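[1] Build me a model:
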Amino acid sequence: MTTGANASLAADAALFPGFAPQRIATAATEIQCVIGGHGPPLLLLHGYPQTHAMWHKIAPLLAADYTVVCADLRGYGDSGKPAGDPAHAAYAKRAMAQDMVELMRALRFPRFRLAGHDRGGRVAHRLCVDHPGAVERVALLDISPTRAMYADTSQAFATAYYHWFFLIQPFDLPERLIGADPSYYLRRKIGGWSAGLSYFDPTALAEYERCFSDPATIHATCEDYRAAASIDLVHDDADIAAGRKVACPLLVLWGDQGVVHRLFDPPRDWGNVAMDVRGRSLPSGHFLAEEAPEATLAEFRAFFAG
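    Residues are numbered from 1 along each chain as shown. Below is the predicted model of the structure:
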């Protein structure tokens, strides 16, 4: 067993007691996840630049009522990292969502509840539109739709979310710059979106650093953002032209100390692309599940029980 595999197993045992790690082959890659609990299935998707470890403060508690699946997106964590391509289709949210549908089908969960933070929320959005029969309810954390955020870009947004414009630069400029000191970059990025690093469990933070230090992860995560600025917008425009919206109930939560709160209106923005939207801000920065786990858990329990 590799050093990375040993570290992953040790971290999962510490962060997700009672959960079992699994690696599931999809048509295009392999997805690493942990599974625990009993009851209806609930899939949790992480954001940038993290892994499934971000759910460790609430997933074990949700497992009392749900079969909880915490998965690493393709390109992140210990999941597979398909090669990039000129159209960035390998990291389109359509491809990343397809992974998750196949993962849940392999686990015998053709229909499930879904939550996504940050990039995971964007994958969740695409999953709901492309596979409406698969999702009962969806919760999205600290995002407005990608298309809306690009359309409303201002100096304040570009300053706060500079990485949206840095990571989409052509290969291999961001890869080389981040790769010079990935741990420094990750800590500055995470700490800058929250009230410092004190909210992050040392074991979880070590997992983020271990996984993000892989050059393949750095490249894949850049491709994720390149896709968001290109092929994902083409898919979003096609949805609008066809009148396709998220049909299932949608809960949006966001941190009242974050950029989304200052510069966007999540209920309005999601109301433009979904049929049934509710939500509110929580006392938090960007990382709600780690900065405000009790409040996030309460909202999830109330929403997913509906």
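[2] pretty sure residue 58 is in contact with residue 293, am I right?
    Yes: between residue 58 and residue 293 there is a contact at 5.2 Å, judged by CB atoms under 8 Å. Where C-beta positions appear, they are placed from N, C-alpha and C, glycine not excepted.
[3] the more surrounded of the two?
    Under the criterion of other CB atoms under 10 Å, the comparison of residue 58 against residue 293 puts residue 58 first, with 23 against 18.
[4] Spatially nearest residue to that one (excluding sequence neighbours)?
    residue 297 (4.6 Å; CB to CB, 6 or more residues apart in numbering).
[5] From residue 261, how far off is that neighbour?
    Distance, residue 297 to residue 261, by CB to CB, to the nearest Å: 20 Å.
[6] Repeat that for residue 137.
    Residue 137 is 23 Å from residue 261, by CB to CB.
[7] likewise residue 59?
    Residue 59 is 25 Å from residue 261, by CB to CB.
[8] Neighbour count for those two, which is higher?
    Shown here are residue 59 and residue 261; by other CB under 10 Å, residue 59 has more neighbours (26 against 18).
[9] That one reaches residue 35, doesn't it?
    No: the pair residue 59 / residue 35 is not scored as a contact, 10.0 Å apart, by CB under 8 Å.
[10] shared neighbours of these two, anything?
    With contacts taken as CB atoms under 8 Å, 6 or more residues apart in numbering, the residues that reach both residue 59 and residue 35 are 19, 68, 70.
[11] The residue nearest to the first one when sequence neighbours are not counted: how many residues sit nearby?
    Taking CB to CB, 6+ apart as the measure, residue 19 lies nearest to residue 36, with 3.4 Å between them; neighbours along the chain are not counted. Taking other CB under 10 Å as the criterion, the count of residues near residue 36 is 19.
[12] do residue 273 as well
    By other CB under 10 Å, 21 other residues sit near residue 273.
[13] and what of residue 176?
    Per other CB under 10 Å, the neighbour tally for residue 176 reads 11.
[14] For it, what are phi and psi?
    Phi and psi for residue 176, reported as degrees, to the nearest 10, are phi -70, psi -40.
[15] next one: residue 252
    Backbone torsions of residue 252, given as degrees, to the nearest 10, read phi -120, psi 130.
[16] now residue 66
    Here is the backbone geometry of residue 66 (degrees, to the nearest 10): phi -140, psi 160.
[17] residue contacts, it?
    Contact analysis of residue 66 by CB under 8 Å, 6+ apart lists 37-42, 113, 304.
[18] Can you tell me which of these are buried?
    Burial by neighbour count, 16 or more other CB atoms under 10 Å: within those this picks out 37, 41-42, 113, 304.
[19] Tabulate those in CSV, adding columns for pLDDT, secondary structure and distance to residue 287.
    Shown next, in CSV, are those (pLDDT from 0 to 100; DSSP: H, G, I helix; E, B strand; the rest coil; distance: CB to CB, whole Å):
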residue, pLDDT, secondary structure, distance to residue 287
37, 98, strand, 23
41, 98, strand, 24
42, 99, strand, 19
113, 98, strand, 21
304, 98, helix, 20
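[20] Is it possible to get CSV of those that adds distance to residue 180?
    CSV is the format used below for the buried ones among the contacts of residue 66 (distance: CB to CB, whole Å):
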residue, distance to residue 180
37, 41
41, 41
42, 39
113, 40
304, 42
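[21] ok, now which ones touch residue 257?
    With CB under 8 Å, 6+ apart, residue 257 has these contacts: 195, 283-285.
[22] Which one of those sits in the busiest neighbourhood?
    The most crowded member of these, judged by other CB under 10 Å, is residue 284 (26 neighbours).
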